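# Below are the sequence and a predicted model for it; my questions follow.
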Amino acid sequence: MKSATTGGAGTAVPAPPSPAKGKRKSVTGTRKGLAVAFLLPALVLLGALVVYPIGFSVYRSFLDQSGDNFAGFDNYVEIFTEDTIRTAIKNNLIWVVVAPTVATALGLIFAVLTERVRWGTAFKLIVFMPMAISMLASGIIFRLVYEQAPERGIANAVAVGVHDTFSESAGYPKARPLPVHPLKAGDAKGSFVTKQPVTAGTPALIPLVGVPPDKMPSDAEPAKTAGNGGGEITGTAWLDFTKGGGGKPNVVDSKELGLGGLRIEAVKDGKVVASATAASDGTFTLPASADGAVLQLPESNFKEPYNGVDWLGPSLVTPAIIGSYLWMWAGFAMVLIGAGLASMPRELLEAARVDGANEWNVFRRITVPLLAPVLAVVMVTLMINVLKIFDLVLIIAPGSSQDDANVLALQLYRSSFGTDANVGVGSAIAVFLLLLVIPVMLFNIRRMQKENRR
Amino acid sequence: MAAVVVGAVVLTGCGGGSDDKEDGGGESKKPAATVELPKLDGEKIQVAAVWTGPEQANFTKVLDEFEKRTGATVTFVPAQDPIVNFLGTKIAGGSPPDVAMLPQVGAITQAVEKKWAKPAGAEAKAQLAKNYSKGWQDLGAVDGEQYGVYYKAANKSLVWYNNTAFENAGAAEPKTWKDFLTTADTISASGVTPVSVGGADGWTLTDWFENIYLSQAGPDKYDQLAKHEIKWTDPSVATALTTLAELWGKPALIAGGADGALQTEFPASVTQTFTGGDTPKAGMVFAADFAGVNVTEAGAKVGTDAKVFPFPAVGADSPVVTGGDAAVALTDSKGAQALLTFLASTDAAQIQAEAGGFISPNKALDGKAYPNDVQRDIAKALIDAGDDFRFDMSDQMPQSFGGTPGKGEWKALQDFLKNPKDVKGAQQQLESDAAKAFKS
């Protein structure tokens, strides 16, 4: 490459002797030799850095893993038969359809709206700012945003906050009886019932375990054994667990706390006949009518706290990553569309408004059609950009769902690097990606030519 | 500086390399040199390793000492996992680091096959023979030629537990798998989720499987499975997976349930076990010795807040699964060999052992060097295992099966964690992926 470049310069320098041939021509003249001489450096660079790698990739994609043997179309067959690669193709399709469209739509909305607000420039600046962050950094940011634990991931912090505003979590999540306890799982999901019906005069025992210390009410008192209550049903609901061990199951030990606030229902023939709430020392009393009933602890006592959305789980991981992509690129779309808006002839809008069109109609029938070329540019640029999406997926998707979030560029990397990598398959994926980009590029070139002719 | 070097030479001259116990006596305060190093003023040496954070900082202390003794300049080159890819690009670019720390047995073999690795020199071999058991020496050899110097060992058969959580629940350190499950239930009854699993990283899951398999099916089957001489559809694998499902199949016993575990990376799985006072997110975490660094970062004190018990015996004996980083020379420079020699010496091991979070396979290293009982016990268990330990299975297998995120064994076990009922399906997935990886 180096020698070729200097060769190019070399032919350019000896140009002056040519007048000796008597054919003196101006610099703007169409002498082929000179044109070639000037083009040569660019051609050599393009050839070495673009054409040759593409050609070699195509050639390599027909060889097997070692690179020594011709493999025909085996690598291409593998692309379309292996599950992980097919997921990658499917995800790429989702990306190409969703990401550019939504980014352009958001950009359009932002651009049109910021034109009308006073602090438009400041707003634009903020929306555009993520563009200044590298893909890698924003990947790390969003890996944290989508963290599962609400105290670490902001997305789930919001989800849990909103959810808990509307439905409060119950008093004793995860509380449950041990197998030795006189309780078993009830018919209703998440509830527990006593194994035996209760009788008046014999205090009922409702022992539970598994309540974290910080979930115990602050006013919890040591549990008391209930008296036999003269005809009424009595009992104790308590945490049958002694800190540090040593407590006996089914016995109200001195240090064990009552489960105040626990709701207890007496059920006869499938109907709730009475209900009570345990006092802070765990004791409760039910009317005599509950004699012979089975005691039930309804699920509302144990409802698990809402843990937020499984953002990075297999089903949501691709939309979640697309979300982070939009965060970065909506600003880009906005700025381009904003520039298009600024150069739009105002008279048309004014005329439409004078004719009585409302703002929505002006937007839909005047602004959008006039902006169509800009929108197309933005879409196509984003499409090309999205086809090669790689870093966001690599960083945001945790190892366990990387397969579900897979895209072609990531698969290319996974196939071609590694100790037992198959560069043949990697090259085949690269060629396939190239084929996908070509129509978009052709469209772009056509459009540019048309614009030039205008 | 010259005085230090001379001093080193003189001291070594006295020791004569015949016995390092004598030198050990003087090692308690200031490390005396037990190794002779050439003078390398002006030489530049590059060391590539994937270590970060405190691990890297502690290793740098060792490199500083080497610089002091030889006069060479050593640069630490941070590499990315998988390091073999990283080295591949460096070597293709014509500037290989002089020494690389390779974390897998398979990586050494590959480095030799690709003719990257240079054999260890006579001085390094002398240090190895003096300080290392045969098992550890052989791990660094390919076809009888010594290439790697196992500088750092990992004991991957440990369970770290939160002492407060255990005391609150009145639980004791379990010895067998059955006890382990009972302990888990006891801790669960106290209101703390017992087990933390860092399932977002596939390798933590392969370690679970390997420990159970090594203890249950025995070392011979372990070796066969590692070489794919028996298939993953073997009944012994089914038994091991079923055993594993006794824990994984109970979401109440796993912090965050299976879904939560699958999004918990290894460091977080340790941190969440040792933060939160009386109500940590989990009571114990199965993690190798190097988790000590994460424990300290979580603000817990190793030995009092955080304690360790060996992985419970599923079969007759508790398993000892190890890992480790081997230093391999990639250039023929004198500096590279000198550094290998130094890393094989007790001096280097001593410096990093004192800094913590480090276990040396060097049997000559005095146990006093370790900063606390926990580290000392871990190291002792490892040295005591003699040659009966087994190297991490997934590290011995082709990388596309045993060492790639979202692929092969990592992915198959993650799927199994999600759905522990499907033992057959997991086996088939493992076998089909393994067959593909071993064929190529």
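Yep, it's here.

# residue ranges of the strands in the chain, please?
As the question left the chain open, I've gone with chain A. Counting by DSSP state E, chain A has strands at residues A:183-185, A:192-194, A:204-208, A:233-239, A:263-268, A:271-277, A:283-286, A:294-297.

# Switch to chain B, please.
Ranges of strands in chain B, per DSSP E, are B:44-49, B:73-78, B:99-102, B:141-142, B:145-146, B:149-155, B:158-162, B:195-196, B:284-286, B:306-310, B:321-329, B:390-391.

# What sits closest to A:Leu259 if chain neighbours are left out?
A:Ala237 (4.6 Å; CB to CB, 6 or more residues apart in numbering or on different chains). All C-beta atoms are positioned from the backbone trio N, CA, C, and that covers glycine.

# Can you give me the neighbour number for the one you found?
Number of residues near A:Ala237 (other CB atoms under 10 Å in any protein chain shown) recorded here: 32.

# so it bridges to which residues?
Applying DSSP bridges to A:Ala237 gives these bridge partners: A:Ile206.

# how about A:Ala320, what does it touch?
Residues in contact with A:Ala320 (CB atoms under 8 Å, 6 or more residues apart in numbering or on different chains) are A:142, A:146, A:311-312, A:396.

# Dead centre of the chain: give me the residue that sits there.
Using chain A. Centroid check for chain A by CA atoms, centre = their mean gives A:Ala320 as the closest residue, at 1.3 Å.

# um, chain B though
Closest residue to the average C-alpha location of chain B: B:Ala154 at 2.6 Å, with CA atoms, centre = their mean.

# Am I right that that residue is in contact with B:Val293?
No - counting by CB atoms under 8 Å, B:Ala154 stays clear of B:Val293, with 11.8 Å between them.

# Pull the contacting residues for residue 376.
As the question left the chain open, I've gone with chain A. A:Ala376 touches A:Arg447, counting by CB under 8 Å, 6+ apart.

# wrong chain, I was asking about chain B
With the criterion set at CB under 8 Å, 6+ apart, B:Arg376 makes contact with B:367, B:370.

# and of the contacts of A:Ala320, the nearest to A:Met383?
Nearest to A:Met383, judged by CB to CB, of these is A:Ile396 at 20.8 Å.

# tell me the contacts of that closest one?
A:Ile396 touches A:139, A:142-143, A:146, A:312, A:317, A:320-321, A:324, A:405, counting by CB under 8 Å, 6+ apart.

# go on, B:Leu430?
So B:Leu430 contacts B:232, B:237, B:409, B:412 (CB under 8 Å, 6+ apart).

# Next up, the contacts around the last one.
Which is B:Ala412. B:426, B:429-430, B:433.

# contact partners of stretch A:187-201?
A:176-177, A:182-186, A:204, A:206, A:208, A:228-229, A:231-233, A:235, A:266-267, A:286, A:288, A:290-299, A:302-303.

# Now with 6 Å, please.
Here stretch A:187-201 makes contact (CB atoms under 6 Å, 6 or more residues apart in numbering or on different chains) with A:177, A:182-184, A:186, A:204, A:228, A:231, A:233, A:291-292, A:294-299, A:302.

# how much distance is there from it to the middle of the chain?
Relative to the centre of its chain, stretch A:187-201 is centred 44 Å away, using CA atoms, centre = their mean, to the nearest Å.

# How about stretch B:287-296?
Between the centre of stretch B:287-296 and the centre of its chain there are 11 Å (CA atoms, centre = their mean).

# With stretch B:64-75 instead?
Centre to centre, stretch against its chain (CA atoms, centre = their mean), the figure for stretch B:64-75 is 26 Å.

# Any idea how many residues pack against whatever residue of the stretch 51-200 of chain A ends up closest to chain B?
Nearest to chain B, among the residues of the stretch 51-200 of chain A, is A:Gln148, at 4.6 Å (CB to the nearest CB). For A:Gln148, the count of nearby residues is 25 (other CB under 10 Å).

# how much space between the closest residue to B:Gly406 other than its chain neighbours and A:Leu394?
Excluding the flanking residues, the one nearest B:Gly406 by CB to CB, 6+ apart is A:Gln402, at 3.3 Å. From A:Gln402 across to A:Leu394, the span is 8 Å (CB to CB, to the nearest Å).

# higher neighbour count, the two?
A:Gln402 (26 against 19).

# B:Lys407 is in contact with that one, correct?
No - contact criterion CB atoms under 6 Å: A:Gln402 and B:Lys407 do not qualify, at 8.4 Å.

# roughly how far apart are the residue nearest to B:Thr322 when sequence neighbours are not counted and B:Ile383?
In this structure, B:Thr322 finds its nearest non-sequential neighbour in B:Phe389, 4.9 Å apart by CB to CB, 6+ apart. For B:Phe389, the distance to B:Ile383 equals 10 Å [CB to CB].

# Of those two, give the one with the bigger neighbour count.
Each of B:Phe389 and B:Ile383 has its neighbours counted (other CB under 10 Å); B:Phe389 has more, 25 against 21.

# I'd guessed that one sits against B:Pro319; true?
No - between B:Phe389 and B:Pro319 there is no contact under CB under 6 Å: 8.8 Å.

# For A:Trp95, list the residues it contacts.
A:386, A:389.

# so what pLDDT did it get?
We have a pLDDT of 95 for A:Trp95.

# Check the one 3 residues further on too.
Per-residue confidence at A:Val98 stands at 95 (pLDDT).

# Pull the number of nearby residues for the closest residue to it other than its chain neighbours.
Once flanking residues are discounted, A:Val98 sits nearest to A:Ile322: 5.8 Å by CB to CB, 6+ apart. Residue crowding around A:Ile322 was assessed by other CB under 10 Å; the count is 21.

# next one: B:Thr242
Residues lying near B:Thr242 (other CB under 10 Å) number 13.

# residues touching it, list them.
Contacts of B:Thr242 by CB under 6 Å, 6+ apart are B:Val423.

# Up against chain B, what does the stretch 151-300 of chain A have?
Contact residues, the stretch 151-300 of chain A versus chain B (CB under 6 Å from any CB of the partner chain): A:209-214, A:241, A:243-245.

# Can I have the buried ones of the residues you listed as a PyMOL selection?
The following PyMOL line selects those of those that are buried, judged by 16 or more other CB atoms under 10 Å in any protein chain shown:
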select buried, chain A and resi 209+210+211+212+213+241+243+245
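
# biggest separation within the residues of the stretch 151-300 of chain A next to chain B, which pair?
Across those, the longest distance by CB to CB is 19.5 Å; it joins A:Asp214 and A:Gly245.

# what's the neighbour count on residue 324?
Just so you know, I chose chain A. Neighbourhood size, A:Ser324 [other CB under 10 Å]: 22.

# could you do chain B instead?
Look at B:Gly324: counted by other CB under 10 Å, it has 27 neighbours.

# Tell me where the chain is predicted with low confidence.
No chain was given, so I picked chain A. Applying pLDDT under 70 to chain A picks out residues A:1-29, A:167-170, A:229, A:418-420, A:454.

# try again with chain B
Counting by pLDDT under 70, chain B has low-confidence residues at B:1-32, B:440.

# Run through the residues of it sitting next to chain A.
By CB under 6 Å from any CB, the residues of chain B that approach chain A are B:84-85, B:110, B:168, B:170, B:188-191, B:199-202, B:259-260, B:262-263, B:278-279, B:398-400, B:405-406, B:411, B:414, B:440.
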